[in-house]
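**Q** here is a sequence with its predicted model. Questions after.
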Amino acid sequence: MEIDVSFVMSVYNKEYYLPHVLKALINQTGVKNPEFIFVDDVSSDKSIDIIKDMTKGLNNVTLKINEKNMGISPTVNKAIMLAKGKWVRMLDSDDIFPLDSTEKMIELAEKHNADIVYGNFKKTGKKAEELTNIYMDKDFDYKYSGDTLMTILNGRFTRMGQLIKREVLHKAKGADERVFIQDETIPLRVGIHGSGVIKIHSEVVLVPEEIGNFSGNKTQLNADRFLAYYHTIKDNQNLPPKALKRMYQKAVSAYWKEVKTTAKLPYFTGAFWNYLENKMFRQKPNIKYLEKMKKYFDKKTNFRRTANYT
């Protein structure tokens, strides 16, 4: 029987969340023959034992363990490339899916022949066990767009949970392994290769109370965001000008956000004036200035890099 959806997850020391994340994942409604792919990045807690115990007896379960800690992007790519389903839905190992969210997303994707479906996420502040039996709103709005890349560039992608056609995700080669956190690079790459995107105006990802993630490290977020757009611009200079201008605007914005946290007089810096100019009038990428911003982040020591960082 053909696999209809592949759920893929990178895991690293999430024993607090996993029992509840997996409960909601295994109980997703409306999927006929799912597969579950887990790649563990050398956890030192009981994450692997929890996965083995909770998936015992299920069909189509794959668990891989990295030989050494590789970081998020390479680990999630390893999981993505193992996927065999028509659709792939990725999730962070501390996020919980409403029980009918995958079913609803597949229905919309098939109806409109879209390659990617995404929705809202909600930071609930609740304990994970309180979120395992929640369904989506019965009546929710959504919007289809044929301009996939610009919709993604103007959207908000800060969590996983998208539903993406496997052949498109594989063609896009998943996450950019030069960037530590994958949240922005996967949608960007899919946007370049995909056709048709749906935005659901309802929560498809529920975030329980957060303990020890990277969201507190603003430099990590700013650097990864900048690098996502830096590499995409450098690798794809034949993209439509409006897309390149929007990417450049977002790269300049990430740079400015980091500069203003450290500069003594940030509003008297070139970073601020470049940010303001690009906010008001989007400009085509200035490669010389792009490289200057890259060198600034290269000198930073307070954010994590992958082995492929360049």
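**A** Thanks, I have it.

**Q** for the longest helix seen in the chain, output the C-alpha coordinates as CSV.
**A** As far as residue count goes, and with DSSP state H defining each element, the longest helix of the chain is helix 241-262. These are the backbone C-alpha positions of helix 241-262, laid out as CSV (Å, rounded to 0.1, in the frame of the first residue of the first chain):
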residue,chain,number,x,y,z
PRO,A,241,13.8,40.9,-9.4
LYS,A,242,10.9,41.3,-7.0
ALA,A,243,11.9,38.1,-5.2
LEU,A,244,15.6,39.1,-5.0
LYS,A,245,14.7,42.5,-3.7
ARG,A,246,12.5,41.0,-0.9
MET,A,247,15.2,38.6,0.1
TYR,A,248,17.8,41.4,0.2
GLN,A,249,15.4,43.5,2.3
LYS,A,250,15.1,40.6,4.8
ALA,A,251,18.8,40.1,4.9
VAL,A,252,19.4,43.8,5.6
SER,A,253,16.7,43.6,8.3
ALA,A,254,18.4,40.7,10.1
TYR,A,255,21.7,42.4,10.0
TRP,A,256,20.2,45.6,11.4
LYS,A,257,18.5,43.7,14.2
GLU,A,258,21.8,42.3,15.3
VAL,A,259,23.8,45.5,15.0
LYS,A,260,21.3,47.5,17.1
THR,A,261,21.8,45.0,20.0
THR,A,262,25.5,45.7,20.2
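
**Q** in the helix or strand that it is followed by, what's buried?
**A** The C-terminal neighbour of helix 241-262 among helices and strands, as given by DSSP states H and E, is helix 270-280. Of the residues in helix 270-280, those with enough neighbours to count as buried (16 or more other Cβ atoms under 10 Å) are A271, F272, N274, Y275, N278. To be clear about C-beta, it is placed using only N, CA and C from the backbone, and glycine gets the same treatment.

**Q** quick one on the thing from earlier: average pLDDT for the longest helix of the chain, rounded please.
**A** The predicted model gives helix 241-262 an average pLDDT of 96.

**Q** next, the angle from that helix to helix 270-280.
**A** Calculated by axes from the mean of the first three to the mean of the last three Cα atoms, to 10 degrees, helix 241-262 forms an angle of 140 degrees with helix 270-280.

**Q** which other residues reach helix 241-262?
**A** Contacting residues not belonging to helix 241-262 are listed as 149-150, 153-154, 218-219, 222-223, 225-226, 229-230, 232-233, 236-237, 266-267, 269, 271-272, 274-275, 278-279, 282-286, 290, 293, 296-297, 300 [Cβ atoms under 8 Å, 6 or more residues apart in numbering].

**Q** how far off centre is it?
**A** Counting by Cα atoms, centre = their mean, to the nearest Å, helix 241-262 is centred 19 Å from the centre of its parent chain.

**Q** buried ones in it?
**A** Using 16+ other Cβ under 10 Å as the test for burial, helix 241-262 gives 243-259.

**Q** same question, stretch 298-310
**A** Neighbour-count burial for stretch 298-310, with 16+ other Cβ under 10 Å as criterion, is recorded at F303, R305, T306.

**Q** columns pLDDT and distance to V207 on top of the residues you listed, output as a markdown table?
**A** Shown next, in a markdown table, are the buried residues of stretch 298-310 (pLDDT from 0 to 100; distance: Cβ to Cβ, whole Å):
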| residue | pLDDT | distance to V207 |
| --- | --- | --- |
| F303 | 93 | 22 |
| R305 | 92 | 25 |
| T306 | 88 | 24 |
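
**Q** mind pulling up the pLDDT for K84?
**A** Reported pLDDT at K84 in the predicted model: 97.

**Q** hang on, I meant F214
**A** The pLDDT attached to F214 in the predicted structure is 49.

**Q** same question, E209
**A** If you check E209, the pLDDT there is 91.

**Q** that one: neighbouring residues, count only.
**A** Here the number of neighbours of E209 (other Cβ atoms under 10 Å) works out to 14.

**Q** just I287 next, same as before
**A** Per other Cβ under 10 Å, the neighbour tally for I287 reads 12.

**Q** same check, this time on D100
**A** Other residues lying near D100 total 18 when counted by other Cβ under 10 Å.
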